[in-house]
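Q: What would the 3D arrangement of this be:
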Amino acid sequence: MANQSEKFGLRPYKSLNGAPWNNAQNRYTIAANYGTAIFQGDLVVPVAAGNIERYDVTASSGAVKPIGVFNGVFYTDPTTKKPTFSNFYPGSVNASDIVANVIDDPNTLFLVDSDEAMTRAGLFIGYKTTNVTGNTATGISKVQLDTSTADSTNAIPLQAVDISQDVNNEDTTSANTNVIVRIQNHFLNPPASAADTGV
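A: The predicted structure is shown next:
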C-alpha cells in the first residue's frame, strides 16, 4: 500500500537504548531580529554569542554540526508586550528574551518522512534534509529526508537506522517512507572523523 504523504520534520521517536523518549530538552537562546523562521522539527545549530540558528541544508561542510531539533519557543511579543509561546519562531522578532526548547540528547532517535522511496539498502548511511519552509498555521516543520543526498561518511547530519513499522508509512517501494534516524555529527557528541560512519 502506498505511504501517506505527510511532512512533520524530525519527530522524537525513542532513545538509542530502546527506551521511550522522555521529553528531555534544554533551553537555548535566539538572537534578537534573527531573520530565519524555525519550525518545530527543524534541525538547529550553535552559533557565535551562544545562540542557535536553523541548520543551513545548503552548507556542504561537515563543520556545521546540529545541536538538536527545535521544539518550540518563548518570547515577549515586541508589539503586544505579551508573553508568547509558539511551536515556531517566525523570524525577525525584536525581543531580548527569545528562548527555544531543543531536543539535544545525542542518543535520541527521530522519525522523519522521506521524499522518495527508502529501502533497507539505504540504511546506515548519511542524509541531509530537504530545504523547505514549515507550516505557519501549525508551526510544524515540513522538511523531509532527502534521499538524493545519500553519503557514506558522517559529514552530513542524519544517519538512517531503521524503517518505521507504521502500517501507513512502511512501504519501501513508494515515496514518503517513514525513516528512523539519529543525528550522526551531533555537536555534543561529534564523531572521531568525517570518514568514521560507525558501521
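Q: okay, CA-based contacts and neighbour counts for the rest of this
A: Fine.
Q: Am I right that A121 is in a helix?
A: Yes: counting by DSSP: H, G, I helix; E, B strand; the rest coil, A121 is part of a helix.
Q: what about it, how many neighbours?
A: Residues lying near A121 (other Cα atoms under 10 Å) number 7.
Q: which residues touch it?
A: Applying Cα atoms under 8 Å, 6 or more residues apart in numbering to A121 gives no contacts.
Q: From T177, how far out is it?
A: 13 Å (Cα to Cα, to the nearest Å).
Q: Tell me the pLDDT of the closest residue in space to Y55 that isn't next to it in sequence.
A: Of all residues not flanking Y55 in the chain, V44 sits nearest, at 4.7 Å (Cα to Cα, 6 or more residues apart in numbering). pLDDT, V44: 97.
Q: how far does the helix or strand harbouring V44 sit from the chain's center?
A: Assigned by DSSP states H and E, V44 belongs to strand 43-47. Chain-centre distance of strand 43-47: 10 Å, with Cα atoms, centre = their mean, to the nearest Å.
Q: Now for the nearest residue to G68 once chain neighbours are set aside, how many residues are close by?
A: Setting aside the residues directly before and after it, G68 is nearest to D104 in space (Cα to Cα, 6+ apart), at 4.3 Å. Residues lying near D104 (other Cα under 10 Å) number 21.
Q: ok, D104 touching N26?
A: Yes: with contact defined as Cα atoms under 8 Å, D104 and N26 form a contacting pair (6.8 Å).
Q: contacts for stretch 91-107?
A: 15-17, 24-38, 67-78, 182-183, 186, 188-189.
Q: Return the members of those classed as buried.
A: Using 16 or more other Cα atoms under 10 Å as the burial test, these include 15, 25, 27-32, 34, 37-38, 67-77, 182-183, 186 as buried.
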